[in-house]
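Asker: What follows is a protein structure lacking sequence information:
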């Protein structure tokens, strides 16, 4: 078994069109706020839509906290042509070392949807997870009517494993979540 990722430094990943880098509290806060203030981006999350930069600071604190506590990691996504601007995030929201599994999460600016960028980003995230974190299983929970996210997961080889009725609660409502999983042996990377 490989040496597990030790959380000393946030890894930097690259794809054909993207750089996945550390999210910086000072320089990325405005982009994080803009991302989750968009009601179309935030409609399937418990994060937003954000109503103030202070709420974006809370999201940033959560991102910093899961990394500091070795519970997960979230990368900033940036186009290689404009590495400075964060266009989305992706990463592991919850890493369970003892059973070699993790849960992924991801989001992208609305004007960049439909270009295959999230599939590309998640291929890098999954590769890191299976190689550097010794994952055997990656999970994703998706709101039932989030068809775009379902397509992304299916393109990556995830299998729908079930429906968790009213498992999510945000914005004052319960939400049914589709449960997806991908095993190391099924991963094409």
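Answerer: Received, thanks. Fair warning: this is a prediction, and the values are worked out from it, not measured in the lab. Numbering: from 1, shown residues only.
Asker: Distance from the chain centre to the helix or strand bottoming out on mean pLDDT in the chain, please.
Answerer: In the chain, the helix or strand scored least confidently by mean pLDDT, DSSP states H and E is helix 39-42, which has a mean of 87. For helix 39-42, the gap between its own C-alpha mean and the chain's C-alpha mean amounts to 15 Å (Cα atoms, centre = their mean, to the nearest Å).
Asker: Show me what that helix is in contact with.
Answerer: Contact partners of helix 39-42, identified using Cβ atoms under 8 Å, 6 or more residues apart in numbering, comprise 35, 36, 48, 49, 50, 107, 108, 109, 110. In this view, the C-beta of every residue, glycine as well, is placed from N, C-alpha and C.
Asker: any idea how far the fifth one is from residue 119?
Answerer: Separation of residue 50 from residue 119 (Cβ to Cβ, to the nearest Å) stands at 26 Å.
Asker: Looking at the two, which has the bigger crowd around it?
Answerer: Ranked by neighbour count (other Cβ atoms under 10 Å), residue 50 and residue 119 place residue 50 first, with 22 against 15.
Asker: measure the more buried one to residue 38 for me?
Answerer: Distance of residue 50 to residue 38, computed by Cβ to Cβ: 9 Å.
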